[in-house]
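Chemist: Based on what follows, work out the 3D shape:
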Amino acid sequence: MEEFKKLSEVHKSDIRNSYWVLMNKDTGKQKSMTLDDVHNNVSCIELKEEVPDEIKSQFNIAKNLHVYSWFSYSFHQISEMKAYSTVEYALKDKFGDHRCGFKKLLKKAIKKGLIKDSGFRHIDTQDSNSIEYSLGLVEIMPSLRNSLSHGSNTLHNQSAITLSICCDLINQLFKSSMERSIL
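Modeler: Below is the predicted model of the structure:
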């Protein structure tokens with residue numbers, strides 16, 4: 001059960017963070033995670049300059065929530081929820097359609113060729129037109145967002161992965177015309 005922290009403990013790491021370690025892939029050496037590691041983990045997840053400032057601002061809230069999960073582990077899921085809602089906000093901004101739902105907007109972006117698998121850093125594809133992974137997001141992303149928004153007891157520390165996927169999706173929406181012609 002989540003507990004309300006005592007004022008004297010607010011600045012202390014959530015004990016659940018001590019269950020995780022970082023491993024050096026070359027040496028196999030492990031080290032305990034630190035607040036610096038948590039911050040560094042998301043500092044490189046950045047929206048492009050072309051992304052409107054209002055969207056960057058909302059995405060930064062999600063990143064800050066990830067960092068503050070060091071103190072309150074359950075902020076991971078709040079970070080994810082904010083990241084998903086920022087993707088929806090970006091889609092609405094891109095299309096100027098504030099009535100359409102998240103799923104329909106994702107489908108529209110893929111159909112218009114704005115979202116492709118090659119635009120996600122964790123997808124290794126030689127086919128620059130592949131949309132298999134992207135189409136899967138149409139079902140998964142709104143479902144995960146809804147689960148978090150409408151009540152869930154989900155608890156894990158993978159919000160940096162969610163932030164990365166959401167960042168890549170938003171960056172694809174706001175690619176410059178020169179970047180689009182290269183792909």
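Chemist: Setting aside sequence neighbours, what's the nearest residue to Lys103?
Modeler: Nearest non-adjacent residue to Lys103, counting by C-beta to C-beta, 6 or more residues apart in numbering: Pro142, 4.7 Å away. Using the backbone N, CA and C atoms, a C-beta is placed for each residue, glycine as well.
Chemist: so Phe102 makes contact with Leu91?
Modeler: Yes. With contact defined as C-beta atoms under 8 Å, Phe102 reaches Leu91; the gap is 7.2 Å.
Chemist: so who does Asp26 touch?
Modeler: If you count contacts by C-beta atoms under 8 Å, 6 or more residues apart in numbering, Asp26 has none.
Chemist: State the phi and psi torsions of it.
Modeler: When read as degrees, to the nearest 10, the backbone of Asp26 gives phi -80, psi -40.
Chemist: Can you tell me the centre-most residue of the protein?
Modeler: Centroid-nearest residue in the chain, with C-alpha atoms, centre = their mean: Leu163, separated by 1.7 Å.
Chemist: Point out where the chain drops to low pLDDT.
Modeler: Scanning the chain with the threshold set as pLDDT under 70 gives 176-183.
Chemist: ok, longest helix in it?
Modeler: The longest helix of the chain (DSSP state H) is helix 75-95.
Chemist: Just the CA trace of that helix, in PDB.
Modeler: Listed next in PDB are the C-alpha coordinates belonging to helix 75-95 (Å, rounded to 0.1, in the frame of the first residue of the first chain):
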ATOM      1  CA  PHE A  75       5.200   8.500  -9.800                       C
ATOM      2  CA  HIS A  76       6.500   6.200 -12.600                       C
ATOM      3  CA  GLN A  77       2.900   5.500 -13.600                       C
ATOM      4  CA  ILE A  78       1.900   9.200 -13.300                       C
ATOM      5  CA  SER A  79       4.800   9.900 -15.600                       C
ATOM      6  CA  GLU A  80       3.500   7.400 -18.100                       C
ATOM      7  CA  MET A  81       0.000   8.700 -17.900                       C
ATOM      8  CA  LYS A  82       1.300  12.300 -18.600                       C
ATOM      9  CA  ALA A  83       3.500  11.000 -21.500                       C
ATOM     10  CA  TYR A  84       0.500   9.300 -23.100                       C
ATOM     11  CA  SER A  85      -1.700  12.400 -22.700                       C
ATOM     12  CA  THR A  86       1.000  14.500 -24.200                       C
ATOM     13  CA  VAL A  87       1.000  12.300 -27.300                       C
ATOM     14  CA  GLU A  88      -2.700  12.700 -27.600                       C
ATOM     15  CA  TYR A  89      -2.300  16.500 -27.100                       C
ATOM     16  CA  ALA A  90       0.400  16.500 -29.900                       C
ATOM     17  CA  LEU A  91      -1.900  14.600 -32.200                       C
ATOM     18  CA  LYS A  92      -4.700  17.000 -31.600                       C
ATOM     19  CA  ASP A  93      -2.400  20.000 -32.200                       C
ATOM     20  CA  LYS A  94      -1.000  18.500 -35.300                       C
ATOM     21  CA  PHE A  95      -4.400  17.800 -36.900                       C
END
